[in-house]
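Colleague: Sequence and predicted structure are below.
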Amino acid sequence: MEKQLLQQQIATLQGELQTFAQTAEANRQLMDELEQLQREKGSLQQSQAAQTQLMEELRSLQERCVQTAAVCSEIELTLLADRQSHLLHELGRSKRLQEHAERDYLFLLSQMEGFTEQIALRQTRESTPHLSSSSLPYSSSYQMKNGLPPSHENSASSSSSTDGAGRVALAVVSSSSSIETG
């Protein structure tokens with residue numbers, strides 16, 4: 001009976017030992033899984049830290065991009081303002097040059113008119129014969145020799161030539177005054 005008891009106790013102890021061995025094996029497996037989970041947790045934490053750092057860098061790059069865009073806009077606006085100022089300056093300069101050219105053109109035109117009038121005056125003088133006593137009709141020359149006044153028809157012709165000379169002289173005076181004013 002004692003032997004039976006001992007065998008039962010041995011069997012019970014062997015069962016408990018086997019249970020302890022199984023529990024120890026399960027604990028070892030759990031420890032391995034725990035170590036693996038801790039390694040994965042560390043890896044995930046590193047990945048999360050890297051992702052956070054990347055997000056910070058991305059945010060910094062976005063801020064720099066906004067600042068760069070603002071600077072580029074300022075530079076572009078400055079360049080546009082400079083170009084506009086340059087174009088306005090060139091426009092004013094070309095307008096002044098155009099006004100100066102118009103004044104020169106009008107001055108040259110008035111001089112050409114004066115020269116044309118002078119040429120016409122010379123041609124009129126050269127084409128108009130001078131009246132002398134030999135070119136007058138016989139009766140007029142007779143009247144002049146005898147101290148008599150010329151007849152009405154001769155006085156009309158002499159007044160018309162004087163009138164023509166007066167107009168020519170007036171044209172010379174007006175052309176010289178236009179040259180001086182130009």
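Modeller: Arrived safely.

Colleague: Would you mind listing where the chain has pLDDT under the threshold?
Modeller: Low-confidence segments of the chain (pLDDT under 70): 129-182.

Colleague: 50 instead?
Modeller: 131-144, 148-182 (pLDDT under 50).

Colleague: Mind naming the longest helix for it?
Modeller: helix 2-127 (DSSP state H).

Colleague: What is that helix packed up against?
Modeller: With contacts defined as 3 or more Cβ pairs under 8 Å, 6 or more residues apart in numbering; DSSP states H and E, the packing partners of helix 2-127 are helix 152-181. Where you see a C-beta, it was placed from the backbone N, CA and C, and this is true even at glycine.

Colleague: What's the local residue count around Gly114?
Modeller: 20 (other Cβ atoms under 10 Å).

Colleague: what's the answer for Glu113, then?
Modeller: Other residues close to Glu113 by other Cβ under 10 Å number 15.

Colleague: Next one: it from Ile119, what distance?
Modeller: For Glu113, the distance to Ile119 equals 11 Å [Cβ to Cβ, to the nearest Å].

Colleague: rewinding a little: from the chain's centre, how far out is the longest helix of the chain? Work that out for me.
Modeller: Here helix 2-127 is found 28 Å from its chain centre; the criterion is Cα atoms, centre = their mean, to the nearest Å.

Colleague: Repeat that for stretch 117-130.
Modeller: Computed by Cα atoms, centre = their mean, the chain-centroid distance of stretch 117-130 equals 57 Å.

Colleague: Can you dump the C-alpha atoms of that stretch in PDB for me?
Modeller: Only the C-alpha atoms of stretch 117-130 are listed here, as PDB (Å, rounded to 0.1, in the frame of the first residue of the first chain):
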ATOM      1  CA  GLU A 117       9.400 132.900-102.500                       C
ATOM      2  CA  GLN A 118      12.900 134.300-103.000                       C
ATOM      3  CA  ILE A 119      13.400 132.100-106.100                       C
ATOM      4  CA  ALA A 120      10.000 133.200-107.400                       C
ATOM      5  CA  LEU A 121      10.900 136.800-106.700                       C
ATOM      6  CA  ARG A 122      14.100 136.500-108.700                       C
ATOM      7  CA  GLN A 123      12.400 134.800-111.500                       C
ATOM      8  CA  THR A 124       9.800 137.500-111.500                       C
ATOM      9  CA  ARG A 125      12.500 140.200-111.600                       C
ATOM     10  CA  GLU A 126      14.400 138.500-114.300                       C
ATOM     11  CA  SER A 127      11.300 137.900-116.500                       C
ATOM     12  CA  THR A 128       9.900 141.400-116.000                       C
ATOM     13  CA  PRO A 129      11.700 143.900-118.300                       C
ATOM     14  CA  HIS A 130      12.800 147.200-116.800                       C
END
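
Colleague: Return the set of buried residues in that stretch.
Modeller: 117, 121 (16 or more other Cβ atoms under 10 Å).

Colleague: Perfect, I'm done here.
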